[in-house]
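> Need coordinates for the following:
(3 chains)
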Amino acid sequence: MAQDLIGCKLCTQTNGILTSGIIVETEVYNGRTDKACHAYSNKRTPRTQIMYEKGGIAYVYFVYGMHYLFNVVTNKKEFADAVLIRAIEPTDGLEEMYARRKMNVNGKLLTGGPARLAQALGIDKQLNGESLEGNKVWIESRNSDFEGELEATKRIGVDYAGEDANLLWRFSIIGNPFVSK
DNA sequence: CATTTGATGTTCT
DNA sequence: GAACATCAAATGC
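Reported below is the predicted structural model:
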């Protein structure tokens, strides 16, 4: 799923304004075997509950006191798996993204990074649990002429997860300028 | 350039 | 009370 999502277009629409971007970097989280997952060992808390729903909805959570991160819930009901969207390449609604990010130039600082893309797309906890088939947030299929080449690397910021920190569960398009380094 | 540090609040123990 | 799937500004070369 994480590999298939790359090249697809993530879209949001709030107050009638469309903003979107092509997904260029993702990470996998597995709720049964992965110490880096909030739902590791099938842990259920008010926060993780949303990951146990049937796939096709958003999991949005807050970290470091100031950032929202956007994930796609991917598995069957009761199987808490998710894919974190780490970077997108902006396509629609550039002006709105500049305003939300308080910036005025396109580049990796606009949407390269999980908290940056969430801010650019206007994603916050109100979208937690939202269907990805609705009209607030959705994902469009990859273009048939998509030619990006993927690489698998270690996940970012999960050193606390012991050996699971070494899993090659981060996927990105080789050479894409919006991918974090 | 690289590295450090401060901002900030929700979640879980 | 500690940890946290981060970022940007400030510092040190």
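
> Just give me the longest strand of chain A.
strand A:17-30 (DSSP state E).

> helix or strand right after that one?
Sequence-wise, the next helix or strand downstream of strand A:17-30 (DSSP states H and E) is strand A:58-63.

> Show me what that next one pairs with in its sheet, parallel or antiparallel.
strand A:67-73 (antiparallel) (DSSP bridges).

> so how far is the strand it pairs with from its chain's centroid?
Put simply, strand A:67-73 sits 5 Å off its chain's centre (CA atoms, centre = their mean, to the nearest Å).

> cool, and stretch A:11-24?
On CA atoms, centre = their mean, the centre of stretch A:11-24 falls 13 Å from the chain's centre.

> and the end-to-end length of that stretch?
14 Å (CA to CA, to the nearest Å).

> Buried residues, that stretch. List them.
A:11, A:12, A:13, A:14, A:19, A:20, A:21, A:22, A:23, A:24 (16 or more other CB atoms under 10 Å). For glycine as for every other residue, the C-beta is placed from the backbone atoms N, C-alpha and C.

> surely residue A:100 meets residue A:123?
No: Residue A:100 is not in contact with residue A:123 according to CB atoms under 8 Å; the separation is 10.0 Å.

> Neighbour count: those two, which is higher?
residue A:123 (27 against 19; other CB atoms under 10 Å).

> tell me which parts of chain A are close to DNA strand C?
Taking CB under 7 Å from any atom of the strand as the contact definition, chain A meets DNA strand C at A:27, A:29, A:36-38, A:59, A:63-67, A:69, A:71, A:82, A:84, A:101, A:109, A:113-116, A:156-158, A:160, A:180.

> Quick one, which of those residues are buried?
Applying 16+ other CB under 10 Å to the residues of chain A next to DNA strand C, the neighbour count classes A:27, A:29, A:36-38, A:59, A:69, A:71, A:82, A:84, A:113-116, A:156, A:158 as buried.

> Bridged to the residue minimising distance to the centre of chain A, which residues?
With distances taken as CA atoms, centre = their mean, the residue of chain A nearest its centroid is residue A:85 (1.8 Å). Bridge pairing for residue A:85 (DSSP bridges) gives the partners residue A:26.
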